[in-house]
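[1] structure for the following, please:
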Amino acid sequence: MRNLAIILLSMAVLTPSLTEAQDRFEIIHEDIIQQLDLLRASASMERGLLMMPDPTPSQLEYDVIRYDIDIAIDHILQRVEGRIGIEFESLVDGFLTMDIDTDPVLEILSVTASGYGELSWVNGGSILQIELPGPLATGEPFSLDIYYQGYPAGAAHPGLFFRSYDGAPVIYSLSEPWSARTWYPCKDYPDDKALFDIRLAVDPLLTATSNGEFIGVSDTTHWGAPYRRFQWKENYPMANYLFSVTASDYVLLEEPWVYAPGETMMVTNYVYPSKIAQATEDFNIQVPVLDFFSSIFGLYPFVDEKYGIAHCAIGGGMEHQTLTSYGAALTLGSHKYDYIWVHELAHQWFGDMVTCSDWVNIWLNEGWASYSEALWFEHIEGAVKLRSYMETKDTPHLWDGPVMRDPDNDDPWYYFNIVVYHKGAWVLHMLRHVLGDGTFFTATQAYLEDSRYRFSYADTDDMRQVYEDHYDASLSWFFDQWLTREDRPVYSLTWNVFEAGGETHLSCAITQTQAIPYMMPVDMRITTTSGVIDTILWIDESQESFAIITFDPVTSVEIDPDHWILCDVELNLTGSDEAPLMPFLGQNIPNPFNPVTTIEFGLEAEGRITLDIFDVNGRLVRKLASGYFPAGYHTLSWKGLADDGSKVNSGVYFYRLTSGTGTINRKMVLLR
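    The predicted structure follows:
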């Protein structure tokens with residue numbers, strides 16, 4: 001690790017003596033353990049009907065601006081006590097009763113407000129209801145303080161955990177999706193993001209880390225014993241599930257990231273002392289990945305604070321804002337789990353800076369982070385690696401339900417089924433191919449930089465609309481099918497070659513064998529004795545046929561040859577040398593094109609036809625042909641000109657053959 005600084009955070013000069021502090025680590029109170037078991041049982045019964053919570057009417061009427069958190073955590077008795085200050089503003093006139101999420105394992109001691117003393121409140125176990133001194137007007141701010149204590153490990157779905165590593169205590173939070181309320185009272189929904197002032201008091205032998213910038217450390221006392229209080233400050237709005245606590249015996253590994261001339265951010269990793277060598281090796285990717293993601297997504301969003309990881313006792317990673325909680329078991333010194341480190345960093349853009357509006361839309365977080373893994377490996381190893389990596393995420397046997405989750409499911413882990421990770425990544429992979437790299441990455445940066453969503457939240461429609469603005473056409477057809485359906489297209493390809501008019505023709509029939517057809521542009525690769533022809537077919541019917549002049553004998557035909565679509569392909573070769581039934585309208589060659597493309601059509605009998613070209617808004621751009629044509633095959637060229645001779649813009653166009661037997665439509669793309 002270049003310019004690596006190693007800072008020892010545990011020092012023998014701390015008081016009380018090392019021996020006394022170690023003795024405190026070993027104390028076990030059986031009566032407290034019994035209380036925790038009882039709390040866990042009662043909480044499980046009470047929370048059984050409260051899973052997948054919805055905000056109360058009161059919670060829809062106020063917006064939290066800032067949390068001022070000052071708490072102490074006792075790892076021995078697994079308890080917490082402290083104060084939660086909440087600054088908020090009313091969203092309605094006459095706001096008087098405030099609901100706060102909490103949990104039966106927390107005991108509310110008092111609720112106060114400066115200048116008013118103690119307020120009236122009722123703790124219903126899962127909701128703390130507070131009566132304000134008087135009604136608030138729309139936009140009027142107010143602040144109050146909640147004093148509480150409790151044993152959060154006893155919650156049915158705890159958000160604060162107590163473990164050990166190498167004999168040292170480990171405290172860490174894991175609040176996603178809705179377990180923040182089990183260790184501090186808050187408004188526990190991802191669409192209400194707030195600033196955080198954080199003070200964490202822990203045993204003197206431990207270092208407590210959290211989000212944002214480090215302010216300082218001071219001595220204090222809790223439960224009659226000395227503690228150290230670590231102060232952090234998160235200056236960017238943050239969802240409650242991203243508020244992080246990790247505390248243990250840490251060594252700080254630091255590395256500077258020069259993100260612009262004269263501008264540096266420290267990458268800070270809090271690792272276990274026994275993992276220094278492995279961490280030094282594994283984390284030497286962090287600066288290159290920060291560089292790469294900043295180049296395609298925009299500058300790392302918390303660059304004036306920090307990024308890093310803190311070791312804890314989880315089996316993966318959790319993207320807490322500016323400081324990922326990271327399983328020590330992943331740090332082997334072999335780069336085996338680089339993809340997890342990359343995944344968690346990507347969440348700083350997708351999930352932390354722009355947060356999903358609710359858990360139905362969790363794929364916006366996890367799909368993007370998963371696809372970012374593939375983008376990183378493509379960056380360092382190329383297109384072949386991109387394809388093979390995405391194929392490892394084609395795991396339908398593990399998928400439960402669609403990508404867009406059911407809002408009424410009562411299992412919190414339902415929202416984190418692998419489908420939102422793997423198929424979510426595939427949705428983005430396919431979207432990239434539909435739009436093209438230029439439009440896709442430009443739209444991605446625009447989405448992340450949009451002031452409506454940056455350091456705020458978004459849902460799927462919000463993201464879709466940004467991409468539509470850059471695609472210059474609706475994408476509802478794409479998102480609707482891939483996010484709400486559980487099947488996939490199965491393309492059955494039948495092809496043959498025949499001679500007509502002294503030229504070699506390829507006839508293709510493509511059938512979608514699943515119940516309802518998908519709409520997709522599908523790559524076709526035709527290999528002839530003289531080379532390769534690549535084109536794109538617009539397929540949206542259960543059965544479609546195409547004919548293309550190849551000029552040379554065809555040796556193979558592939559659809560989706562580079563596996564850009566989440567589909568299955570069945571191939572059939574008829575061996576027939578007979579022309580297909582007509583009329584037909586072939587896919588233009590080449591497609592996309594610039595400046596000219598060729599369109600082939602065929603008639604089984606002489607007749608009058610028109611061949612018209614339309615833009616995405618349905619406006620007639622060019623009447624390419626109109627009149628009588630004999631039976632057989634015909635080719636026309638379009639040079640991207642309108643009827644008045646002017647050049648048309650780049651974009652999607654539709655061409656339509658109208659004959660006495662009906663109409664056939666195809667889609668093509670002009671890229672100037």
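
[2] make it CA atoms for all contacts and neighbour counts henceforth
    OK.

[3] run through the residues that contact A443.
    Counting by CA atoms under 8 Å, 6 or more residues apart in numbering, A443 makes contact with V466, Y467, H470.

[4] who wins for most neighbours among the residues you listed?
    Y467 (24 neighbours; other CA atoms under 10 Å).

[5] nearest residue to the middle of the chain?
    Geometric centre of the chain, nearest residue: N365, 2.1 Å, by CA atoms, centre = their mean.

[6] quick one on the thing from earlier: okay if I get the contacts of A443 as JSON lines plus secondary structure and distance to H320?
    Putting these into JSON lines (DSSP: H, G, I helix; E, B strand; the rest coil; distance: CA to CA, whole Å) gives the following:
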{"residue": "V466", "secondary structure": "helix", "distance to H320": "26"}
{"residue": "Y467", "secondary structure": "helix", "distance to H320": "27"}
{"residue": "H470", "secondary structure": "helix", "distance to H320": "31"}
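
[7] put the alpha carbons of stretch 298-313 into CSV.
    The C-alpha trace of stretch 298-313 is given here as CSV (Å, rounded to 0.1, in the frame of the first residue of the first chain):
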residue,chain,number,x,y,z
GLY,A,298,-18.6,11.3,-11.1
LEU,A,299,-16.2,12.2,-8.3
TYR,A,300,-16.6,10.1,-5.1
PRO,A,301,-19.5,12.0,-3.4
PHE,A,302,-18.0,12.2,0.2
VAL,A,303,-14.5,13.3,-0.9
ASP,A,304,-14.2,16.0,1.8
GLU,A,305,-14.8,13.4,4.5
LYS,A,306,-13.3,9.9,3.9
TYR,A,307,-13.8,6.4,2.7
GLY,A,308,-12.6,3.2,4.3
ILE,A,309,-13.6,0.0,6.0
ALA,A,310,-13.9,-1.1,9.6
HIS,A,311,-13.5,-4.8,10.5
CYS,A,312,-16.3,-6.5,12.3
ALA,A,313,-17.9,-9.9,12.7
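
[8] what does it rub up against?
    163-165, 170-172, 209, 212-213, 236, 246, 265-272, 290, 293-294, 322-328, 348-349, 353, 445, 448.

[9] which residues touch the residue nearest to W178 when sequence neighbours are not counted?
    Distances taken as CA to CA, 6 or more residues apart in numbering put D188 closest to W178, at 6.2 Å, once the chain neighbours are dropped. Residues near D188 by CA under 8 Å, 6+ apart: D101, W178, S179, A180, R181, N240, Y241.

[10] residues near the third one, how many?
    Pointing back at S179 there. Number of residues near S179 (other CA under 10 Å) recorded here: 25.

[11] re earlier: now the residue nearest to the centre of the chain, what's its secondary structure?
    In three-state terms, and counting by DSSP: H, G, I helix; E, B strand; the rest coil, N365 is helix.

[12] M463 versus that one, what's the distance?
    Separation of N365 from M463 (CA to CA, to the nearest Å): 12 Å.

[13] mind listing the helices for the stretch 401-550 of the chain?
    Counting by DSSP state H, counting those that start in this stretch, one finds helices in the stretch 401-550 of the chain at the ranges 418-435, 437-449, 460-471, 476-484.

[14] quick one: average pLDDT of stretch 109-116?
    Stretch 109-116 shows a mean pLDDT of 98.

[15] could you do stretch 472-488 as well?
    96.

[16] now do it: distance from first to last residue.
    Stretch 472-488 end-to-end distance (CA to CA) = 26 Å.

[17] please apply the same query to stretch 132-151.
    Stretch 132-151: ends 28 Å apart by CA to CA.

[18] doesn't E558 make contact with V522?
    No: counting by CA atoms under 8 Å, V522 stays clear of E558, with 10.3 Å between them.

[19] quick one: which of the two has more around it?
    A count of neighbours by other CA under 10 Å puts V522 above the other of V522 and E558, at 21 against 17.

[20] for R464, see how far away that one is.
    V522 is 21 Å from R464, by CA to CA.

[21] now P158
    35 Å.

[22] N617: how many residues sit nearby?
    10.

[23] element containing it?
    Using DSSP states H and E, N617 falls within no helix or strand.

[24] per-residue pLDDT, it?
    Looking at N617, its pLDDT stands at 81.

[25] do the same with P553
    Per the predicted model, pLDDT is 89 at P553.

[26] how many neighbouring residues does it have?
    17.

[27] close enough to count as contact, it and T504?
    Yes: here P553 reaches T504: they are 6.8 Å apart, a contact under CA under 8 Å.

[28] related to what we said a few turns ago, identify the residue spatially nearest to the residue nearest to the centre of the chain, adjacent ones excluded.
    G351 (4.7 Å).

[29] how about stretch 113-122 as CSV, C-alpha atoms only?
    C-alpha atoms of stretch 113-122 as CSV (Å, rounded to 0.1, in the frame of the first residue of the first chain):
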residue,chain,number,x,y,z
ALA,A,113,-37.3,20.4,24.6
SER,A,114,-35.3,23.5,25.4
GLY,A,115,-37.5,26.1,26.9
TYR,A,116,-40.3,23.7,27.5
GLY,A,117,-38.9,21.1,29.9
GLU,A,118,-40.3,17.6,29.7
LEU,A,119,-42.9,16.9,27.1
SER,A,120,-45.9,14.6,27.3
TRP,A,121,-45.2,11.2,25.6
VAL,A,122,-46.5,7.7,25.4
